[in-house]
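Student: I would like the atomic coordinates for the input below:
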Amino acid sequence: MSITRRSLVRGLAPAIVGAATGAGALSSCSSDRDPGASAEEAGTGSAAPPLPDAPLVLGSLGASYGRAATFETPISIALSEAMIDLNARWGGVLGREVTMHERHVAAAAGEDLTAVIATMAEAGVGAVITSLDEEALVAAIPALVDAQIAVIDVLTSGTSVREPEVASATMLIRLAPDDVAIASLYAEQAWTAGSDRSGLAGTLAYVSEDTAQGHSLLGELTRILAPQGGKIQTEQFYRAGESPDLDAVVEAILAEPPALLVVNGGREAGPLLSALHDATLDGSQEPTVQIAARLSPAATADYSEDDLALGCLASATGFLPGGELDDTHINMMLNADTTLLGTGFGYSQQAYDAVMLAGLAAEDAVSVGGVDIAGSLTKVLTGAQECTEFGECSTLLRDARAAGQRTMISFTGRSGPLELGSDNDIRTGTIRSSTWDDANAIEPGPTTDVGTGS
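Tutor: Reported below is the predicted structural model:
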């Protein structure tokens with residue numbers, strides 16, 4: 001498909017409009033520019049700083065296992081499409097075409113990415129966009145920091161990535177709501193979901209893959225619910241990539257029915273809810289217990305073709321991070337792969353925005369070095385000049401630079417408005433919900449603001 005045709009398709013819908021604010025700025029300890037240059041030299045009336053001699057080089061790391069595998073296709077497509085836009089539509093970054101180092105997709109848990117990262121460093125990669133799970137990202141961070149490569153993560157939500165022993169040295173920014181934000185949303189529903197056919201308000205059953213993220217979310221739920229008198233009635237973990245023991249899990253849930261059931265896994269959520277539904281039917285085939293359920297992004301899928309009990313997902317709500325999908329993004333994704341129709345394009349908005357953020361950070365820093373890019377990633381989300389597309393935002397930065405001045409932009413991308421907290425995770429953001437009809441077909445729901453408040 002030609003770039004011209006894709007550009008015409010993008011004219012079918014307006015760009016997303018919004019504003020984003022954030023907190024703090026990252027520090028910079030090295031640069032690919034003259035070390036004698038200072039921030040003050042970019043002030044009003046000063047000469048424009050020289051442009052780097054080298055182009056911006058980006059890299060990306062994904063995975064074909066675990067929950068990351070569910071979203072590998074939409075993420076990789078969005079990265080590719082964003083690179084086309086960045087170069088063909090907006091003329092690259094700092095006067096040069098941006099290149100993307102070959103994407104590496106980890107095939108199995110525990111894969112050592114040190115050599116891959118070293119190859120990226122040799123190729124001059126300044127920023128890497130990751131869609132790894134928490135364990136893999138934590139393992140990769142030391143090598144990425146040593147290589148002075150900025151990290152923009154689009155997938156992880158677990159708190160383990162921000163543990164003190166994970167020395168990200170301010171080089172990491174995450175674009176999806178973290179488990180603190182998601183747990184707050186779930187806990188709120190646990191207090192409002194109780195009924196005469198479920199457990200007491202504030203009670204919750206938790207079923208999850210046995211992963212760092214799974215334990216992270218449970219920890220945050222416990223931390224939020226316990227001080228208010230809430231309770232985790234049962235916690236059930238199963239091996240990642242496998243299905244739980246349905247009979248045992250259903251028995252544990254119904255032994256003390258909760259107000260809310262959280263299923264934190266993949267498509268195995270469908271058979272679980274089907275088994276739970278069947279176990280509650282009376283002689284008239286009516287459920288005697290009906291528990292509201294919350295499903296994770298990897299479980300937010302269409303089940304209408306699966307062999308499940310009809311209506312078993314009627315009380316369930318799923319979600320994907322990001323704001324409302326507009327026609328521009330939908331057309332872009334479907335032009336690349338029509339099989340994505342009806343999937344929700346999970347994490348593709350974040351992937352697209354990650355490319356644009358890397359480019360804008362390089363424009364802001366007038367540098368393609370990883371430390372400088374990391375130092376500007378939060379800056380381009382926090383300024384007074386609001387903008388929603390790379391071309392608009394970069395023009396503001398370039399015009400100011402040409403005039404010997406400096407401007408601070410506030411970029412809102414396809415993910416919707418984002419506000420970063422002090423740890424460079426999402427303080428406030430947006431998710432879009434989904435529900436299911438009686439045939440277990442997925443139906444889009446409203447968007448919801450989420451946040452950690454810190």
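Student: what residue lies at the spatial centre of the protein?
Tutor: Centroid check for the chain by C-alpha atoms, centre = their mean gives Ala176 as the closest residue, at 3.0 Å.
Student: that one: what's its closest spatial neighbour, skipping adjacent residues?
Tutor: Distances taken as C-beta to C-beta, 6 or more residues apart in numbering put Pro321 closest to Ala176, at 4.4 Å, once the chain neighbours are dropped. To be clear about C-beta, it is placed using only N, CA and C from the backbone, and glycine gets the same treatment.
Student: so what's that neighbour up against?
Tutor: Leu175, Ala176, Pro177, Pro297, Gly346, Tyr347, Gln349, Gln350, Ser415, Gly429, Thr430, Ile431 (C-beta atoms under 8 Å, 6 or more residues apart in numbering).
Student: repeat that with 6 Å
Tutor: Neighbour list for Pro321: Ala176, Pro177, Ile431 [criterion: C-beta atoms under 6 Å, 6 or more residues apart in numbering].
Student: ok so, going back, could you check how far the residue nearest to the centre of the chain is from Leu295?
Tutor: Counting by C-beta to C-beta, to the nearest Å, the separation of Ala176 from Leu295 is 16 Å.
Student: that older thread, identify the bridge partners of the residue nearest to Ala176.
Tutor: Applying DSSP bridges to Pro321 gives these bridge partners: Ile431.
Student: find the least confident helix or strand in the chain, judged by mean pLDDT.
Tutor: helix 3-9 (a mean of 33; mean pLDDT, DSSP states H and E).
Student: can I get the helix or strand that that helix is followed by as CSV, trimmed to CA atoms?
Tutor: Using DSSP states H and E, the next helix or strand after helix 3-9 towards the C-terminus is strand 57-63. As requested, the backbone C-alpha atoms of strand 57-63 are provided in CSV (Å, rounded to 0.1, in the frame of the first residue of the first chain):
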residue,chain,number,x,y,z
VAL,A,57,17.7,5.7,15.8
LEU,A,58,14.9,3.9,17.7
GLY,A,59,14.7,0.3,18.8
SER,A,60,11.9,-2.0,20.1
LEU,A,61,11.6,-5.1,22.2
GLY,A,62,8.5,-7.3,22.3
ALA,A,63,7.6,-10.9,23.3
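Student: give me phi/psi at Phe447?
Tutor: Check again: residue 447 is Thr, not Phe. phi -90, psi 150 (degrees, to the nearest 10).
Student: quick check: closest non-adjacent residue to Thr114.
Tutor: Ala143 (4.9 Å).
Student: hmm, I was thinking of Ala240
Tutor: Nearest residue to Ala240, sequence neighbours excluded (C-beta to C-beta, 6+ apart): Glu209, at 4.3 Å.
Student: what distance do you get for the one you found to Val57?
Tutor: Distance, Glu209 to Val57, using C-beta to C-beta: 35 Å.
Student: kindly report the same for Ser80.
Tutor: 16 Å.
Student: what are the bridge partners for the residue nearest to Ala240, then?
Tutor: Tyr238.
Student: correct me if wrong: it contacts Gly265.
Tutor: Yes - contact criterion C-beta atoms under 6 Å: Glu209 and Gly265 qualify, at 4.7 Å.
Student: pretty sure Ser204 sits in a helix.
Tutor: Heads up, residue 204 is Leu, not Ser. No - in this structure, Leu204 is strand, not part of a helix, as judged by DSSP: H, G, I helix; E, B strand; the rest coil.
Student: mind listing what it touches?
Tutor: Counted by C-beta under 6 Å, 6+ apart, Leu204 has contacts Ala190, Ile232, Pro258, Leu260.
Student: domain ranges for this protein?
Tutor: 3-30+55-176+347-423, 180-321+430-451 (automatic domain parsing).
Student: how far does the first one sit from its chain's centre?
Tutor: Relative to its parent chain, domain 3-30+55-176+347-423 has a centroid offset of 12 Å by C-alpha atoms, centre = their mean, to the nearest Å.
Student: low-confidence ranges, the stretch 201-350 of the chain, go.
Tutor: For the stretch 201-350 of the chain, applying pLDDT under 70 flags no range at all.
Student: quick one: the strands in it?
Tutor: Using DSSP state E, counting those that start in this stretch, the strands of the stretch 201-350 of the chain run over 203-209, 231-238, 260-264, 292-295, 316-321.
Student: out of the ones you listed, deepest packed?
Tutor: strand 260-264 (a mean of 28; mean count of other C-beta atoms under 10 Å).
Student: that'll do, ta.
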